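Visitor: Need coordinates for the following:
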Amino acid sequence: MNDINSKDLDTPVQYIKGVGPKRASCLKNLNIITVQDMIFFPPRDYDDRKHIIPIKNLAIGQKVVIHGKVISTGEYIPHRSNIRHIFKAIIGDNTGFVEAVWFNQPYLKDVLKKNSGIVMVGKIELNKFHRPEINSPEYEILDEDEESGDVPHDNVNMGRIVPIYPLTGSLTQKFFRKTIFLLLSQFTNIISDVLPADIIQKYSFLSLSKALYEIHFPSSFDQMKKSRERMIYEEFFLLELALGKRRAGIKVSPGISFSVQSPLITGFSQSLPFSLTDSQKKVLDEILADMKSPRPMLRLLQGDVGSGKTIIAVFSMLIACTNDYQSAIMAPTEILAEQHYRTLCNLLLNTPIKVALLAGKIKKKEKDLLYQQIQRGEIKIIVGTQALIQEKVIFNKLGLIIIDEQHRFGVVQRNKLAQKGLNPDTLVMTATPIPRTLAITLYGDMDVSIINELPPGRTPPLTRWSNESKRNIIYDFMRKEITLGRQVYIVYPLIDESEKMDLKAATIMAEHLSRDIFPEFKAALLHSKMKTLQKEQIMRDFKENKISILVSTTVIEVGIDVPNASIMLIEHAERFGLAQLHQLRGRIGRGSYKSYCILLTGKNLSEESILRLKIFTSTADGFKIAEEDLLIRGPGEFVGTRQHGIPEFKFANLVRDGDILSKARRDAFEIINNDIDLSSASNLPLKKIINTRLKDFSV
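Guide: All right, here's what the predicted structure looks like:
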């Protein structure tokens, strides 16, 4: 259709006047499919074209908007190898002239024609001839009416604060502004608010239609800011409302009211060779209160590597066992599952509680027997990987599930395991610190507990960053530590040599280290492509100090506990993310010996790599590292949002907008507490939206 007759926000943009199939294909690359997508597509920046600076008034260091004409242009081929082409243009207005320079953009000769009207935005600098120059400015070629300054009142390109949109393909800023202006003018009347009237009044929010107009074509920067804050709040509010409704649906279901007093628990507590930290005691009290409640527990337990989450999990499982219920603990890898199994067997050695490991390596006959024992309730604690959620695993009375390293699983796996019991209590654990804003978003339906102190005697490793020139010094230091009885990890990012990247592969270096550098010590290689039994044997030998040097890939990132290991050398540390580096460092410093994490890097590091390494060497606080990691990578990269059912935000930013998130969460949960079904007249508009969001959370 040539005009918008159908007042439908779901109308495909292809049918909007001036769009068509070609532009619609480009818009699809920006996730713009419908009219609504385009109206809710925010500008990335703005130009204040209300205040054009005359060229004679330009000041060095100032970011300016210049309105003039192209007087002349020229092209140059420089001698510098990183710059292949220079395009220059002299821009003039009725007060003077300024030179504009662009690098490696030869196509500009066909765009910037002599006498063309132009608007440029950029920073004024002094060139080597001490003349003012504007480097690589953003620019826009003007129409005739815009060139003359005869700007109509509805002009979207001049005489106002002008939106700047992300572009792709053949799309232009003028196309975006013209099309969105058209859509806003024709669809404003059907854009209805979803926020309750009392919330709009509480925060003095603009109406949704007014806010959208002010976001695209702001009357002032203050109004634009207020409008964006309103949209940020709405995105967070709808998400938290969905999370709150899901949480309420779990919390109103009848759960298990456990008795938390038992001679077995008292005896176990007294048998421990250490005392719980204050932080552990606080967290345990929170869990005991949850388990005592008749409503299902749904709690996230965060604790840095080595903070003592496992012992808290053991207490929780003992409570379930003494109430004649089973517990299941699901780990992401067989190595971690086996370590949990061994730890539990050692801790519960003097109790009547039977623990079993359910993993892929177990033979069919033994596994079938385990299935029968689990179904009869003879085994009270079952440790496993995703094998636990298979149909063959039928529990007798599953009362508690524990998910370890939750970020390795999606919502589906957690729910499948929970469905094997009758509203069991759920404890989710992670040693990957999650920033507050992301925790509220990813786990907004959970209560959160944090263990924020290390047990007595545990000190963070000393972290140092070095380069290839110090390699022999590092090797000498490692030799000294091994001679004292300590052990060493050496971690590489790759298993085999890569032709594309100049990295030392673990397989090659393991042989070199064993033969040429440390022939007097036993070294071994560990990587993910090895067979399970082979990996387990190597880890067992390393734990028993039969191996002094373990050369490995990141397979050791999670779940290996060797208190005697005191050094970790991470080769090509610039290739690892902050979270990976933190997890790797957590493998050392687990005993009473001083420990050292040494980073070796290559040459010509990127700015981002340098920033990561500086952050990592400056602190051992996992939560500070996580905050910085979130700033660098953003939430989509920090943790896969799709597996959690979390939407991509158009306006909100989890790092920047934490205060708005907290307000939105508080308001959303208050509504759910007062109207769980969203059945009141004021909440009905929210009901359909939230039900759709809840379906998304099953991803």
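Visitor: next SSE after the helix or strand hosting residue 242?
Guide: Here residue 242, judged by DSSP states H and E, is contained in helix 221-251. Past helix 221-251, further along toward the C-terminus, the next helix or strand under DSSP H and E is helix 263-271.
Visitor: So what's the gap between the very next helix or strand once past that following helix and the chain middle?
Guide: The first helix or strand that comes after helix 263-271 along the chain, using DSSP H and E, is helix 278-292. Computed by Cα atoms, centre = their mean, to the nearest Å, the chain-centroid distance of helix 278-292 equals 28 Å.
Visitor: Could you give the average pLDDT over helix 278-292?
Guide: If you average the pLDDT over helix 278-292, you get 94.
Visitor: What residues sit buried inside it?
Guide: Within helix 278-292, the residues that qualify as buried are 279, 280, 283, 284, 286, 287, 288, 290, 291, counting by 16 or more other Cβ atoms under 10 Å. C-beta: built from backbone N, CA, C; applies to glycine.
Visitor: Same question for stretch 534-541.
Guide: Buried positions in stretch 534-541, judged by neighbour count with 16+ other Cβ under 10 Å: 535, 538, 539.
Visitor: quick one: which of the residues you listed sit in helices?
Guide: Using DSSP state H, the subset of these located in helices is 535, 538, 539.
Visitor: Format the residues you listed as a markdown table; extra columns: pLDDT.
Guide: Converted to a markdown table, these look like this (pLDDT from 0 to 100):
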| residue | pLDDT |
| --- | --- |
| 535 | 80 |
| 538 | 87 |
| 539 | 83 |
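Visitor: In a markdown table: these, plus distance to residue 139.
Guide: Below are these laid out as a markdown table (distance: Cβ to Cβ, whole Å):
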| residue | distance to residue 139 |
| --- | --- |
| 535 | 58 |
| 538 | 61 |
| 539 | 60 |
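Visitor: one step back: other SSEs contacting the helix holding residue 242?
Guide: Judged by 3 or more Cβ pairs under 8 Å, 6 or more residues apart in numbering; DSSP states H and E, helix 221-251 is in contact with strand 45-48, helix 208-216, strand 298-303, helix 658-674, helix 684-696.
Visitor: Could you work out which of these reaches nearest to residue 142?
Guide: Minimum separation from residue 142 across the helices and strands packed on helix 221-251 (Cβ to Cβ) falls at strand 45-48, 12.8 Å.
Visitor: could you dump that closest one to PDB, C-alpha only?
Guide: Listed in PDB are the C-alpha atoms of strand 45-48, where the atom choice follows Å, rounded to 0.1, in the frame of the first residue of the first chain:
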ATOM      1  CA  ASP A  45      23.100  10.300  19.200                       C
ATOM      2  CA  TYR A  46      21.800  13.800  18.400                       C
ATOM      3  CA  ASP A  47      23.100  16.900  16.600                       C
ATOM      4  CA  ASP A  48      22.000  20.300  18.000                       C
END
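Visitor: low-confidence ranges in the stretch 351-500 of the chain?
Guide: Per-residue confidence for the stretch 351-500 of the chain (pLDDT under 70) gives these ranges: 406-412, 457, 495-500.
Visitor: typo on my end, it should be the stretch 151-300 of the chain
Guide: Segments of the stretch 151-300 of the chain classed as low confidence (criterion: pLDDT under 70) are 151-154, 249-252.
Visitor: same question, the stretch 501-650 of the chain
Guide: 501-504, 555-560, 634-647.
Visitor: If we use 80, what do you get?
Guide: For the stretch 501-650 of the chain, the stretches flagged by pLDDT under 80 are 501-506, 528-529, 532-533, 536, 554-561, 590-592, 630-648.
Visitor: Report the buried residues of stretch 598-613.
Guide: Buried residues in stretch 598-613, counting neighbours by 16+ other Cβ under 10 Å, are found at 598, 599, 600, 601, 602, 609, 612, 613.
Visitor: which one's the longest strand in the chain?
Guide: Longest strand in the chain by number of residues (criterion: DSSP state E): strand 63-76.
Visitor: Which elements pack onto that one?
Guide: Strand 63-76 is packed against strand 86-93, strand 117-126, with contacts defined by 3+ Cβ pairs under 8 Å, 6+ apart.
Visitor: about what we covered before: TSV please, covering the buried residues of helix 278-292 and showing distance to residue 519.
Guide: Conversion of these to TSV gives the following (distance: Cβ to Cβ, whole Å):
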residue	distance to residue 519
279	45
280	44
283	48
284	49
286	53
287	51
288	54
290	55
291	55
